[in-house]
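> My questions concern the predicted model and sequence given below.
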Amino acid sequence: MNEDITGGCLCGAVRYRCTRAPISMGLCQCERCQRQSGSAFLIATVFARDAVHFESGELKIYAAYGADGAGLYRHFCPECGAAIMITLERYPDIRSLMGGSLDDKSLLRPTFSLWCDSAQPWLRLPPEIELFAGYPDGLIA
Ligand SMILES: [Zn+2]
Ligand SMILES: [Zn+2]
């Protein structure tokens with residue numbers, strides 16, 4: 001990848017730049033991600049921690065806990081409420097940026113989906129997306 005991946009929130013206060021390619025991209029259909037996104041799923045675009053640089057704005061954090069009981073932190077813009085990033089206590093070296101916050105959404109290529117056991121029954125994902133009932137051990141998202 002030659003060009004940085006940039007993105008930000010709805011109001012433009014928060015801006016970020018990623019200087020390396022993402023590690024993985026996936027969907028989360030858990031009930032809490034449905035609630036946060038206001039939609040059927042959330043798109044997680046996973047980068048190495050040191051590849052993600054925030055250039056402006058401030059993030060507010062909603063701290064919660066994942067299914068494993070470890071800390072799960074949802075970072076959002078306090079001005080417009082846009083979801084920007086999830087960080088996980090269990091995986092301190094990664095940053096999951098929300099796919100919808102990328103400037104160039106043609107870069108989004110999710111390859112898996114988590115928590116399909118709480119998926120909306122009308123949602124049909126393409127066959128190239130691997131489906132997991134929950135959150136498989138060893139997967140980083
Ligand atoms: Zn904003
Ligand atoms: Zn989720």
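Right, received. Where do you want to start? Ligands and ions are numbered 1, 2, ... in the order given.
> Can you tell me the centre-most residue of the protein?
In the chain, the centroid-proximal residue (Cα atoms, centre = their mean) is residue 44; its distance is 2.6 Å.
> Tell me which residues touch that residue, please.
By Cβ atoms under 8 Å, 6 or more residues apart in numbering, the contact list for residue 44 reads 25, 26, 27, 28, 86, 96, 97, 98, 99, 141. In this view, the C-beta of every residue, glycine as well, is placed from N, C-alpha and C.
> same question, residue 41
Here residue 41 is in contact with 27, 28, 29, 33, 34, 113, 119, 123 (Cβ under 8 Å, 6+ apart).
> partner residues bridging residue 6?
For residue 6, the beta-bridge partners are residue 17 (DSSP bridges).
> residues in contact with it?
Counted by Cβ under 8 Å, 6+ apart, residue 6 has contacts 15, 16, 17, 18, 102, 103, 104.
> Just the helices from this protein, written as ranges.
Secondary structure of the chain by DSSP state H: the helices cover 31-37.
> Flag the shaky bits of it, pLDDT-wise.
For the chain, applying pLDDT under 70 flags the ranges 1-2, 67, 138, 140-141.
> Noted, bye for now.
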